[in-house]
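>>> Task: produce atomic coordinates for the following.
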Amino acid sequence: MLDWMPVPLPWYLVGPLMGLTVAGLYAITNKHLGVSGAYVQAVDFARGRPIERWRLWLLGGTFLGAAAVALVAGSPQAGWGYGALGEYLSFPALVATLFVGSVLIGFGARWAGACTSGHGLTGCSTRSRGSFVAVVTFMVTAVAVTFLLHAVTGGAL
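Sure thing, here's the model as predicted:
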């Protein structure tokens, strides 16, 4: 049903649309767009604390939108695939790696004041020096970890 839509969508279409979304939200509501903020709001909501309800809608819409596209495309399926990482590591090592990675990502997002999307999209678009430093740090770390994994696994990952 979605045969008319190229997969993945071209960067030159999606990039400007994402930029317009961030700029539009900021222009209309004076609010910053970021996914980690929506997760924090969901936890606050569960604890009975005051929240910005639109962030819950953002979080819910992310999941519901993905489900709707999967249903319309005719391929709704859930999976547990971890790609090459799952093939290379034993299950206990995989669980430990995912746990440690999740803790580090959560800690880093709270410490840095935003997640990668928050810094890369919203922070950089508002010319935040801290966000520019964070994005450069993300990129340098990603390249370093890629080379490290390639060296350690002999190219298996």
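>>> Can you tell me, leaving aside adjacent residues, what's nearest to Ile105?
In this structure, Ile105 finds its nearest non-sequential neighbour in Cys115, 7.8 Å apart by CB to CB, 6 or more residues apart in numbering. Glycine gets a C-beta too; all of them are placed from N, C-alpha and C.
>>> ok, so what distance separates that neighbour from His150?
Distance, Cys115 to His150, by CB to CB, to the nearest Å: 26 Å.
>>> Also Trp54?
Per CB to CB, Trp54 is found 42 Å from His150.
>>> still on that earlier bit, please tell me how far the residue nearest to Ile105 sits from Ala151.
In terms of CB to CB, Cys115 sits 28 Å off from Ala151.
>>> returning to what we had before: who's more crowded, Cys115 and His150?
Applying other CB atoms under 10 Å to Cys115 and His150 shows that Cys115 carries more neighbours, namely 22 against 12.
>>> residue contacts, the most centrally placed residue in the chain?
Per CA atoms, centre = their mean, the C-alpha nearest to the average position across the chain is that of Ser117, at 6.0 Å. Contact analysis of Ser117 by CB atoms under 8 Å, 6 or more residues apart in numbering lists 33-36.
>>> Among those, which one sits closest to Ser125?
Leu33 (9.3 Å; CB to CB).
>>> Ala114 is in what secondary structure piece?
Using DSSP states H and E, Ala114 falls within no helix or strand.
>>> so who does it touch?
Neighbouring residues of Ala114 by CB under 8 Å, 6+ apart: 32, 34, 36-37, 122-123, 131, 134.
>>> measure it to Leu148 for me?
Here the criterion is CB to CB. By it, Ala114 lies 25 Å from Leu148.
>>> Was I right to think the residue nearest to Ile105 contacts Leu33?
No: assessed by CB atoms under 8 Å, Cys115 is found out of contact with Leu33, at 10.9 Å.
>>> Where in this protein is the helix or strand with the lowest mean pLDDT?
None of the helices or strands of the chain scores lower by mean pLDDT, DSSP states H and E than helix 83-88, at a mean of 78.
>>> Which SSE is immediately downstream of that one?
In N-to-C order, the element after helix 83-88 by DSSP H and E is helix 91-112.
>>> how about that next one: buried residues?
Using 16 or more other CB atoms under 10 Å as the test for burial, helix 91-112 gives 108-109, 112.
>>> Done for today, thanks.
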